[in-house]
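A.B. asks: Compute the structure for the input listed below.
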Amino acid sequence: MLGSITPLGERGRGMRWGITATAFVAGSAIGGALVGGLFGLAGGPVAAPLGSTAALALLAVAAGAGLVLDVGPLRLPSVRRQVDERWLRTYRGWVYGGGFGLQLGAGMTTIVTTSAVYLTFVAAALSGGVRGGLVVGLAFGLARAWTLAPAAAVRSPGALLRADAFLRRWEAPARRISLAALGGVALAALAMAAA
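C.D. replies: Residues are numbered from 1 along each chain as shown. This next block holds a predicted model:
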């Protein structure tokens, strides 16, 4: 789907990539903030009495469990849907850009391939309230919006092929980076809990 939201694709549909991409970033930020805020709201009454040491210990356990799930043979629980590509032919660019961004920024409304997505919202729940959850979710949504960045240079069919090859080359390194980040979060949270 994101391979369709390129300057080349938008030009072919008679849309402007800048408008679609801006709507995508805004939608992703809003989606992440909303879901993060909801998790902060739901987790606040539980996380606040725990205190920061226990919350950090729980975050470390969740990160460790996520790492085991991502490395092991078990499949990560996930919905089996992606965004609806028919929107590309039905709606204006700002509508599908914002809609796709909202769904991806929300994190769990499309296929989840790494437990780091779930860990984000565990962190939002353990943040102690709505404000902390909003910040965690907003950061997630903005990071998720960066998935559109490689598309910015796609202005010809050759550039589309190069962007696709670039993304394929980064598939395995990105997985290793995700695993390292999960391990890093687990160790950092344990160190902070112990301090």
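A.B. asks: remind me, longest helix of the chain?
C.D. replies: Determined from DSSP state H, the single longest helix within the chain is helix 17-71.
A.B. asks: Show the average pLDDT along the helix or strand following that helix.
C.D. replies: Using DSSP states H and E, the helix or strand that follows helix 17-71 towards the C-terminus is helix 87-90. Confidence for helix 87-90, expressed as mean pLDDT, is 92.
A.B. asks: again with stretch 114-124
C.D. replies: Rounded mean pLDDT across stretch 114-124 is 96.
A.B. asks: so where's this structure shaky on pLDDT?
C.D. replies: Counting by pLDDT under 70, the chain contains low-confidence residues at 1-2.
A.B. asks: give me that answer again for 50
C.D. replies: In the predicted model, the chain carries no residue with pLDDT under 50.
A.B. asks: In contact with Pro173, which residues?
C.D. replies: If you count contacts by CB atoms under 8 Å, 6 or more residues apart in numbering, Pro173 has none. C-beta here means a position set from N, CA and C on the backbone, and glycine is covered the same way.
A.B. asks: In contact with Pro77, which residues are there?
C.D. replies: Val112.
A.B. asks: Just read off the phi/psi values of it.
C.D. replies: Backbone geometry at Pro77, expressed as degrees, to the nearest 10, gives phi -70, psi 140.
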